[in-house]
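Engineer: fold the following.
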Amino acid sequence: MAKQLVFRQHGAQFCVMACKKLTAFAAAILALLFSESYCVAGDAIFSSDGGRVYLISDIESKPAIEEIDLNKKTTRKILLTQLDASDSLRGITCTNKNRFFCTTAKAVWSLEPQSGRLTKIRDAPNEVSFWRIAYNPKMQRVFVTTDDREQPVFTFKDPGEWIPVRMRRHPYPSCLAFAANGELFFAAYGDLWCGEIQADKVDDQDYFSIAAYRYAPLATLETQNTTPAEIGVADIGVNRDTVHLQLSRMGGSGDGWFARLQRPKVKGDTEGEMEMFYEPKERLPIYLTSLRSLEILGEDSHAGYICVSPDETRVHYVLHDKHWLVTNGKTEELHLHQQ
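Structural biologist: Model (predicted):
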């Protein structure tokens, strides 16, 4: 007797009719099909002083990072010799003290970007993979996403700490991006969400949870008897007034758009927490406002590497294989030369 297995993975939902007992081979195929390979959020970061940008890269298919010196307009690639050629970085972030952290599928690492030296902080649990990594400057904490349905997000302030972050009913947030004031933006089911990390202390124990709502319904969902060309949020960067986005295929390859829209004006409730706008008469106008502000800046399936300077005045991104920098609303192409 077949039963319906529902797979949800970072913005996409797939339904598959399967037997009760899947073979190991079939399970492996399903895991491959439903991976987050389309999502590149967290693949670039500014240094804490805003003078450099670091991008996930490769040298002859071997893991590397690319360093861009914005003052000198130079670029260089740094090979990560401690990683196997078959491995790759999935995310990179930087703290306000210029400490860098990154993720591979099976580990969280600290990184010295000048030399490319990696120090392993933590291995992924059995049958769990790490995805993206992001820094919350208000809480001064690092957050890591996983493909574990029960515990999809973890946080640490000290590398020896490892605390799960609760998120009810929506188990796979992706593309986490924090604003300077701690506001959280992420993708779920292909849409853009806005919220915050809430912290509580019970019996001297810290507890963290995500409180957020869908800010902009940007996913284009469909089903057909071919590979559906569904589009959803795949990369996020937040500056003072706008949210920059990469919209890409949710599965498959090709088709992508670089866009921006108005940053929401988050309001607090009577208890000082974020107003959630529960009623349709409150929530639906938010969707209308966000979608009216949407601008498509370019079409490119390989766009991305979106990151925002700590002071939120500059946005870096790659479009049509060119590096661009937006400074206080003024856009310029970065003409870089090898260091």
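Engineer: Ala216 versus Phe46, what's the distance?
Structural biologist: As judged by C-beta to C-beta, to the nearest Å, Phe46 and Ala216 stand 24 Å apart. Just so you know, the C-beta spots here come from the backbone N, C-alpha and C atoms, and that holds for glycine as well.
Engineer: I figured Arg141 hits Lys157, correct?
Structural biologist: Yes. Counting by C-beta atoms under 8 Å, Arg141 does reach Lys157; the two are 5.0 Å apart.
Engineer: more neighbours: which of those two?
Structural biologist: Higher neighbour count among Arg141 and Lys157: Arg141, with 23 against 14, using other C-beta atoms under 10 Å.
Engineer: the residue nearest to the spatial centre of the chain is in what secondary structure piece?
Structural biologist: Closest to where the C-alpha atoms of the chain average out (C-alpha atoms, centre = their mean) is Cys175, at 1.8 Å. According to DSSP states H and E, Cys175 maps onto strand 174-178.
Engineer: can you dump the C-alpha atoms of that strand in CSV for me?
Structural biologist: Output of strand 174-178 as CSV, limited to C-alpha atoms (Å, rounded to 0.1, in the frame of the first residue of the first chain):
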residue,chain,number,x,y,z
SER,A,174,17.2,29.3,4.3
CYS,A,175,19.3,32.2,3.2
LEU,A,176,19.4,33.8,6.6
ALA,A,177,20.4,37.5,6.5
PHE,A,178,20.5,39.9,9.5
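Engineer: go through the lengthiest helix in the chain and flag the buried ones.
Structural biologist: Longest helix in the chain, counting residues (DSSP state H): helix 280-292. By 16 or more other C-beta atoms under 10 Å, the buried positions in helix 280-292 come out as 286, 290.
Engineer: likewise stretch 140-148?
Structural biologist: Neighbour-count burial for stretch 140-148, with 16+ other C-beta under 10 Å as criterion, is recorded at 141-148.
Engineer: out of the residues you listed, who's nearest Ile68?
Structural biologist: Of all those, Ile68 sits closest to Val142, with 22.5 Å by C-beta to C-beta.
Engineer: note down every partner strand of the host helix or strand of that closest one and its orientation.
Structural biologist: Here Val142, judged by DSSP H and E, is contained in strand 141-146. Counting by DSSP bridges, the strands paired with strand 141-146 are strand 130-136 (antiparallel), strand 153-156 (antiparallel).
Engineer: quick check: next helix or strand after the strand holding Cys175?
Structural biologist: Proceeding N to C from strand 174-178, the next assigned helix or strand is strand 184-188, under DSSP H and E.
Engineer: returning to that earlier point: the strand holding Cys175: how far from the chain's middle?
Structural biologist: Remark: strand 174-178 is offset 4 Å from the chain centroid, using C-alpha atoms, centre = their mean, to the nearest Å.
Engineer: now for it, which elements pack on it?
Structural biologist: strand 130-136, strand 141-146, strand 184-188, strand 231-238 (3 or more C-beta pairs under 8 Å, 6 or more residues apart in numbering; DSSP states H and E).
Engineer: quick one: the shortest one to strand 174-178, angle?
Structural biologist: Between the axes of strand 184-188 and strand 174-178, defined by axes from the mean of the first three to the mean of the last three C-alpha atoms, to 10 degrees, the angle is 170 degrees.
Engineer: show me what counts as buried in the following helix or strand past strand 184-188.
Structural biologist: Beyond strand 184-188 on the C-terminal side, the first helix or strand identified by DSSP H and E is strand 191-202. Buried residues in strand 191-202, defined by neighbour count with 16+ other C-beta under 10 Å: 191-197.
Engineer: circling back to that earlier point, I'd guessed the residue nearest to the centre of the chain sits against Gly232; true?
Structural biologist: No. Assessed by C-beta under 8 Å, Cys175 is found out of contact with Gly232, at 9.7 Å.
Engineer: so what sits against both of these two?
Structural biologist: Shared contacts of Cys175 and Gly232, defined by C-beta atoms under 8 Å, 6 or more residues apart in numbering, are found at Ala187.
Engineer: skip the chain neighbours and tell me the closest residue to Thr220.
Structural biologist: For Thr220, ignoring the flanking residues on the chain, the nearest one in space by C-beta to C-beta, 6 or more residues apart in numbering is Ile231 at 4.5 Å.
Engineer: that neighbour: how many residues sit nearby?
Structural biologist: For Ile231, using other C-beta under 10 Å, the count is 21.
Engineer: ok, it - contacts?
Structural biologist: Counting by C-beta under 8 Å, 6+ apart, Ile231 has contacts 190, 218-220, 247-250, 255, 257.
Engineer: what does Arg168 give?
Structural biologist: By C-beta under 8 Å, 6+ apart, Arg168 lies in contact with Ser209.
Engineer: how near is it to Val153?
Structural biologist: 12 Å.
Engineer: does Ala85 belong to a helix, a strand or coil?
Structural biologist: coil (DSSP: H, G, I helix; E, B strand; the rest coil).
Engineer: distance of it relative to Pro63?
Structural biologist: Ala85 sits 8 Å away from Pro63, going by C-beta to C-beta.
Engineer: now what about the strand or helix carrying Ser209, what contacts it?
Structural biologist: Per DSSP H and E: Ser209 is located in strand 205-216. The set of residues external to strand 205-216 that reach it, using C-beta under 8 Å, 6+ apart, is 153, 155, 163-168, 173, 184-186, 188, 191-201, 261, 264, 273-274, 276-277, 283, 286-287, 290-291, 294.
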